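Engineer: Sequence first, predicted model second:
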Amino acid sequence: MNNFTFFNNTRIIFGEGQIAALREQIPAQARVLIVYGGGSIKNNGIFTQVTQALEGVTWFEFGGIEANPHLETCLEAVSLARAEQVDFLLAVGGGSVIDATKFIAAAVAHQGDPWEIIASFGAAVQGALPIGCVLTLAATGSEMNPTSVITRASSKDKLFFNSDYVRPQFSILDPRTTYSLPARQVANGVVDSMVHVLEQYVTYPVNARVQDRFAEGLLSTIIEEGPKALSEPTNYEVRANLMWSATMALNGLLSTGVPGDWASHLIGQELTALYGLDHGQTLAIMMPAIWTYKLQQKQEKLVQYGRRVWHIEDTQPEQVALKAIEQTRQFFERMGVATRLSAYGLDERVIAEVVAKLKEHQFVQLGEHGDITPQDVVNILQLAL
Ligand code: NZQ
Ligand code: ZN
């Protein structure tokens, strides 16, 4: 096991009816900005629950955060937050709303060009407004981590930053809020949370037995419950198990002491920025292709994954690894998320554009060994067509 530091100070308030607990989490004299997306929270009753819980508190609202949130939209919220002297941000939504809120929180406190926050991957952040979250979509883990992914629409740059200053103080996770999700977003969330686990698990062995067993437990849960969320959308237990799995998949616990891959995420970000694919869709395309390309280097962990999670009994290690890749691809497809570029109307013409963007962002040494070069990305994208 590698050395590590583990820190997480986000309070999780989990369960049915917990939005009412909002009131105790926010100082009575606070000036709160409620940040939300395209309006789903106004149709499914969540906005009403939130404002009822905030009775007596001064609040303002900023709606219109888009999926894959735009820097340009966030800057409008920064202006509002400054004008109203807001001192607390409440994100009500999925990963996009929470990520946008993290950026707004840092940008309000930032002197100078806000793009520096992202260009420095968070190093330029010197402070931020406090943040609370009401999560409405189980997927990203943003509700319990220091990461934010922001798109500068004008230049098609989708990049992330990390800062302990933007970790949410608390996140309310009521599984019932996810009942109203469209099937496509349920499926994206299942794929995203599963890929988060896999990015931190299908690398190479470092004898991190606790982390491996945690990962296998989360994977088994997601594989068992994911399809049920599509067939039984109002099954509370299913939603609860998926919601907690997604949070645990990317809150820092699994990454302790182990290598991380993240090539699917970094290549996938370019696919979203250039062609508008959903985050989950990009991962379903990239992960099977990267694994196929890196079969030899990943074989030991693919075999462990295949045997323990998919119960593949073949004795030939390479066969187990190949079957594990195939099972994963089939699971994504079963969730309704296509795993080939061609299924989204994309062809080999995208390869040069994606590779050019990766080079521009200096993502030229990807994967757990840092050995995936731009030429390797060309080969991987060919496997993904
Ligand atoms: O905009 P609204 O009206 O809220 O609608 C959203 C949006 O259209 C809708 N939705 C959310 N909750 C709903 C709902 N519709 C009905 N009922 C509900 N309860 O779902 C759509 C997608 O929402 P979004 O927030 O974009 O989805 P998700 O949570 O998957 O977030 C994706 C974003 O997170 C980033 C992705 O890159 C992408 O930008 N990620 C953030 C990470 C992090 N901060 O750690 C890590 C991830 O790897 C990921 O990169
Ligand atoms: Zn992700």
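Structural biologist: Sure, I can see it. Ligands and ions are numbered 1, 2, ... in the order given.
Engineer: only C-alpha atoms for contact and neighbour calcs from this point on.
Structural biologist: Will do.
Engineer: low pLDDT regions in the stretch 101-250 of the chain?
Structural biologist: Counting by pLDDT under 70, the stretch 101-250 of the chain shows no low-confidence range.
Engineer: Isn't residue 33 up against residue 61?
Structural biologist: Yes. Between residue 33 and residue 61 there is a contact at 5.4 Å, judged by CA atoms under 8 Å.
Engineer: Next one, pLDDT for residue 38 please.
Structural biologist: You'll see residue 38 listed with a pLDDT of 97.
Engineer: Assign it to helix, strand or coil.
Structural biologist: Three-state call for residue 38 (DSSP: H, G, I helix; E, B strand; the rest coil): coil.
Engineer: my read: it touches residue 68, true?
Structural biologist: No. Counting by CA under 8 Å, residue 38 does not reach residue 68; the two are 11.9 Å apart.
Engineer: And these two? Which one has more around it.
Structural biologist: residue 68 (24 against 13; other CA atoms under 10 Å).
Engineer: Residue 184 against residue 336, yeah?
Structural biologist: Yes. Residue 184 is within contact range of residue 336, at 7.5 Å (criterion: CA under 8 Å).
Engineer: quick one: which of those two has more around it?
Structural biologist: Shown here are residue 184 and residue 336; by other CA under 10 Å, residue 336 has more neighbours (18 against 15).
Engineer: gap between that one and ligand 1?
Structural biologist: From residue 336 across to ligand 1, the span is 15 Å (CA to the nearest ligand atom, to the nearest Å).
Engineer: What ranges does the stretch 151-300 of the chain have for its helices?
Structural biologist: For the stretch 151-300 of the chain, applying DSSP state H, counting those that start in this stretch gives helices covering 183-199, 209-231, 236-249, 263-275, 279-293, 295-308.
Engineer: and those helices as TSV, adding distance to residue 169?
Structural biologist: Converted to TSV, these look like this (distance: least, CA to CA, whole Å):
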stretch	distance to residue 169
helix 183-199	22
helix 209-231	24
helix 236-249	15
helix 263-275	26
helix 279-293	25
helix 295-308	34
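Engineer: In TSV, list these along with distance to ligand 1.
Structural biologist: As requested, these are exported to TSV (distance: least, CA to the nearest ligand atom, whole Å):
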stretch	distance to ligand 1
helix 183-199	6
helix 209-231	13
helix 236-249	10
helix 263-275	7
helix 279-293	5
helix 295-308	21
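Engineer: Tell me which of these approaches residue 12 most closely.
Structural biologist: Closest of these to residue 12 is helix 236-249, at 9.7 Å (criterion: CA to CA).
Engineer: I'd like to check the angle between that closest one and helix 183-199, please.
Structural biologist: 40 degrees (axes from the mean of the first three to the mean of the last three CA atoms, to 10 degrees).
Engineer: mind listing what's buried in helix 236-249?
Structural biologist: 236, 238-249 (16 or more other CA atoms under 10 Å).
Engineer: swap in stretch 149-162?
Structural biologist: Under the neighbour-count criterion of 16+ other CA under 10 Å, stretch 149-162 has 149, 150, 151, 152, 153, 156, 157, 158, 159, 160, 161, 162 buried.
Engineer: What of stretch 374-381?
Structural biologist: 374, 376, 377, 378, 380, 381.
Engineer: contacts with ligand 1 among these, please.
Structural biologist: Among the buried residues of stretch 374-381, no residue sits close to ligand 1 (CA under 6 Å from any ligand atom).
Engineer: In TSV: the residues you listed, plus pLDDT and secondary structure.
Structural biologist: Shown next, in TSV, are those (pLDDT from 0 to 100; DSSP: H, G, I helix; E, B strand; the rest coil):
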residue	pLDDT	secondary structure
374	98	helix
376	98	helix
377	98	helix
378	98	helix
380	98	helix
381	98	helix
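Engineer: circling back to that earlier point, so residue 33 and residue 61 - more neighbours on which side?
Structural biologist: Between residue 33 and residue 61, counted using other CA under 10 Å, the more crowded position is residue 33 (24 against 14).
Engineer: and the one helix or strand that one maps to, which strands flank it?
Structural biologist: Assigning secondary structure by DSSP states H and E places residue 33 in strand 31-35. Note on strand 31-35: by DSSP bridges, its sheet partners are strand 58-62 (parallel), strand 88-93 (parallel).
Engineer: Show me how far it is from its chain's centre.
Structural biologist: The chain centroid and the centroid of strand 31-35 are separated by 23 Å under CA atoms, centre = their mean, to the nearest Å.
Engineer: Can you name the residues of the stretch 1-150 of the chain that neighbour ligand 1?
Structural biologist: 37-40, 66-68, 93-97, 99, 136-137, 139-142, 147-149.
Engineer: Next, the residue most central in space within the chain: phi, psi?
Structural biologist: The structure's the chain has its C-alpha centroid closest to residue 140; by CA atoms, centre = their mean the separation is 2.6 Å. For residue 140, the backbone dihedrals (degrees, to the nearest 10) come out as phi -90, psi -30.
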